[in-house]
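*Asks:* have a look; sequence and predicted model below, questions after that.
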Amino acid sequence: MIKTTITESLKKAIEEIFKLSDTEPSVVESPNKQFGDYSTQVAFQLAKILKNDPKKIASDIKNALEGNNNFEKIEVVGGYINFFLKNEFYHKEIEKVYSEGKEFAKLKHLSEEKILVEYVSSNPTGPMVIVNGRAAALGDSFVRILNMRGYNAISEFYINDGGNQVFLLGISCNEVYKKLNGMPYEIPENGYHGSYIEDFVKLIIGKTDLSKMDDEARSNYLGTEGVKYFHTMQIKSLKNFNVKFDSEIHERIIREEGLTEYVIETLRDKNLLYEKDGATFFKSSDFGDDKDRAIIKSNGEYTYLLPDAAYHEDKIRRNFEYLIDIFGPDHHGYVKRLRAIFEALGHNPDKLEILIHQIVNLINEGGKIKMSKRKGTIITLDDLLEDVGKDAARFFFVMRKKNSHLDFDLKLAKEKSENNPVFYVQYAHARIASIIDFAGSKGIRLNGYVNFSLLNEEKEIELIKVILLFPDILDDVIRMREPAILPKYLIDLASTFHSFYNKHRVITDDKELSLARLALVQCVKNTIKVGLNLIGVNAPDKM
RNA sequence: GCCCCUGUAGCUCAGUGGAUAGAGCACCGGUUUCCUAAACCGGGUGCCGCAAGUUCAAUUCUUGCCAGGGGCACCA
């Protein structure tokens, strides 16, 4: 919010002096205190356009801004312009933050554009695994932050319950059924081998008599029931992970509504399909894909792409104007063909954004834990939650940028120590709660006028600055599509608070000062709480 | 072979065109008659993987190479 204020002043000054209306001066926090609070190197950019010395340009801008009473002083060093803000400016700003409470970073109706964010969408053929947790944490946090900043975003889970996977699940379950009944059995190579299959079949056997069904009927039954069972299990895991979806869509329904046929007909009308070796291919290479892709196999079944195209068609028909898909790294090769078919259906490909996050390695005692879903050696999201807890898991999953390979250190996540950033941030919150309690016991309560102009200590001004950054941080998350920026900020905020706390007492004999400091830490507390909640982490009052 | 991601301090990572490249951990030392010591304060570290190019300015952008990880289906 401060940067915007300075940027606006700069733009006005530049327009007045140089008659340039389309410059976007970038304002940054000064790397060093000697360079003030904020700086801009706009003079370097203008030097080129104006063919003039950056130092001259910088001092012209400085002169034009001298009348602005937010600034204590403005310095020109080299071509840089450094802004030193008055404490009164910070006092005014923190007063606004304080009066708005937990809503201070909330924007209403910035954009009416309807955004749909799809993530996880794992096959309902087994439990949630670790990498799903990363997608879930990223997606859920991102949607919360979008809505916090005035965007109109909805989260959605797509259930692949219409295709070959269900069939394979049924066959696999049926073979396991035979195994449990002492009959000869053979689970197909590409089927499901995890021990969770056996758990499910045992459960069904306890409820339903499967013995009178033939293999086909039993497979179908187990496939259908299995999908329901595993989907319910997945949603429950996600709920324990503090992830909830605004909407769930079934592939089965998309197919029943005839949208797959619509896709085929539309592409055929546009002459974008052809037959080869008995299969039907979509000319995705016309839209930038490396090669054409099959959408109907030679046995008549659809490949994954076709119903998924239908699903994206459905999103548009439900009047979503901007689509974001969050995929795991194993789907990156799929991006081009999905965008291709989306465009072929007549939609603007710029309205479909696909974010890819990278893998998760579980690290324990310094070593990687290897997993394979096919072989059934998996660690589930439930296992992880039971081991390290929801808060640590949520924090760790968004702590790294989505493009980095996340090494999830199980030992660290469980540590209740300074090494563990989740505890560090939560501790700041609990500490403030405790201060507020203590103040109450001394009869000091926030319920009226607060004189913020008493806050002039270096640590106090620092803390105000960091609080004021919060809305900018949320906007950075959105602009960069990078939730990781938020946990990093919260660590900074907690650190700045702890530093302040150790230097200054909040509650002293000076009642007016105590109230001002109490209001300040109340703002910190609100910011931490709101920030943690945006990444699905609790902010306890006691630890 | 092709595609994607990554390479920054001993370790884990910030830093997506600007000033002297930053945190945390680890290591050493200090701080509690006082609101939570799960905290704070001080101490030093870098061929920013390598090499060219673009730029007034490159850790940041481009290209090539090297190293690690992941993916290349009529699976999803």
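*Replies:* Arrived safely, thanks for sending.

*Asks:* contacting residues around the residue located most distally from the centre of chain A?
*Replies:* Distance from the C-alpha centroid of chain A peaks at residue A:212, with 48.8 Å (CA atoms, centre = their mean). Applying CB atoms under 8 Å, 6 or more residues apart in numbering to residue A:212 gives no contacts. C-beta coordinates here come from the backbone N, C-alpha and C atoms, glycine included.

*Asks:* next, work out how far apart it and RNA strand B are.
*Replies:* Distance check for residue A:212 against RNA strand B: by CB to the nearest atom of the strand, to the nearest Å, it reads 31 Å.

*Asks:* which secondary structure state does that residue sit in?
*Replies:* Put simply, residue A:212 is coil when judged by DSSP: H, G, I helix; E, B strand; the rest coil.

*Asks:* pLDDT averaged over stretch A:182-194, what's the number?
*Replies:* Stretch A:182-194 carries an average pLDDT of 89.

*Asks:* ugh, wrong one, stretch A:161-172
*Replies:* Regarding stretch A:161-172, the rounded mean pLDDT is 90.

*Asks:* quick one: that stretch near RNA strand B?
*Replies:* Yes. Residues of stretch A:161-172 contacting RNA strand B under CB under 7 Å from any atom of the strand: A:163-165.

*Asks:* following the lowest-mean-pLDDT helix or strand in chain A, which helix or strand comes up?
*Replies:* Every helix and strand of chain A was ranked by mean pLDDT, DSSP states H and E. The lowest is strand A:367-369, at a mean of 76. Tracing the chain past strand A:367-369, the next element assigned as helix or strand by DSSP states H and E is helix A:381-388.

*Asks:* and that next one with RNA strand B, contact?
*Replies:* No. If you take CB under 7 Å from any atom of the strand as the test, helix A:381-388 misses RNA strand B, and the best it gets is 13.3 Å.

*Asks:* what is that helix packed up against?
*Replies:* helix A:130-148, helix A:215-240, helix A:390-399, helix A:410-414 (3 or more CB pairs under 8 Å, 6 or more residues apart in numbering; DSSP states H and E).

*Asks:* of all those helices, which one is nearest residue A:354?
*Replies:* helix A:130-148 (12.4 Å; CB to CB).

*Asks:* ok, back up a step: paired strands for the least confident helix or strand of chain A, with orientation please.
*Replies:* Strand A:367-369 has the following strand partners under DSSP bridges: strand A:360-364 (antiparallel).

*Asks:* keeping just the C-alphas, turn the strand it pairs with into PDB.
*Replies:* Coordinates of each C-alpha in strand A:360-364 appear next as PDB, following Å, rounded to 0.1, in the frame of the first residue of the first chain:
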ATOM      1  CA  VAL A 360       7.700 -34.000  -3.200                       C
ATOM      2  CA  ASN A 361      10.500 -36.100  -1.700                       C
ATOM      3  CA  LEU A 362      10.000 -37.300   1.800                       C
ATOM      4  CA  ILE A 363      13.100 -37.100   3.800                       C
ATOM      5  CA  ASN A 364      13.700 -38.900   7.000                       C
END
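
*Asks:* Provide the contact partners of the helix or strand residue A:154 falls within at residue level.
*Replies:* Per DSSP H and E: residue A:154 is located in strand A:152-159. Strand A:152-159 is contacted by residues A:109, A:111-121, A:124, A:139-140, A:143, A:146-147, A:227, A:231, A:235, A:244-252, A:311, A:315, A:320 when judged by CB under 8 Å, 6+ apart.

*Asks:* any of those residues buried? List them.
*Replies:* Applying 16 or more other CB atoms under 10 Å to the contacts of strand A:152-159, the neighbour count classes A:114-121, A:124, A:139-140, A:143, A:146-147, A:227, A:231, A:235, A:245, A:249-252, A:311, A:315, A:320 as buried.

*Asks:* who wins for proximity to RNA strand B among the helices and strands packed on helix A:381-388?
*Replies:* helix A:390-399 (7.7 Å; CB to the nearest atom of the strand).

*Asks:* so the residue of the stretch 1-150 of chain A found nearest RNA strand B bridges to which residues?
*Replies:* Nearest residue of the stretch 1-150 of chain A to RNA strand B: residue A:39, at 2.8 Å (CB to the nearest atom of the strand). Beta-bridge pairing for residue A:39 (DSSP bridges): residue A:28, residue A:82.

*Asks:* need the contact list for it.
*Replies:* Contacts for residue A:39 were tallied using CB under 8 Å, 6+ apart; they are A:27-31, A:80-83.

*Asks:* just residue A:332 next, same as before
*Replies:* residue A:356.

*Asks:* quick one: it from RNA strand B, how far?
*Replies:* Distance from residue A:332 to RNA strand B, by CB to the nearest atom of the strand: 5 Å.

*Asks:* just the pLDDT for that residue.
*Replies:* So residue A:332 comes in at 90 (pLDDT).

*Asks:* mind checking the SS state of it?
*Replies:* Applying three-state DSSP: residue A:332 is helix.

*Asks:* quick one: it from residue A:370, how far?
*Replies:* 21 Å (CB to CB, to the nearest Å).
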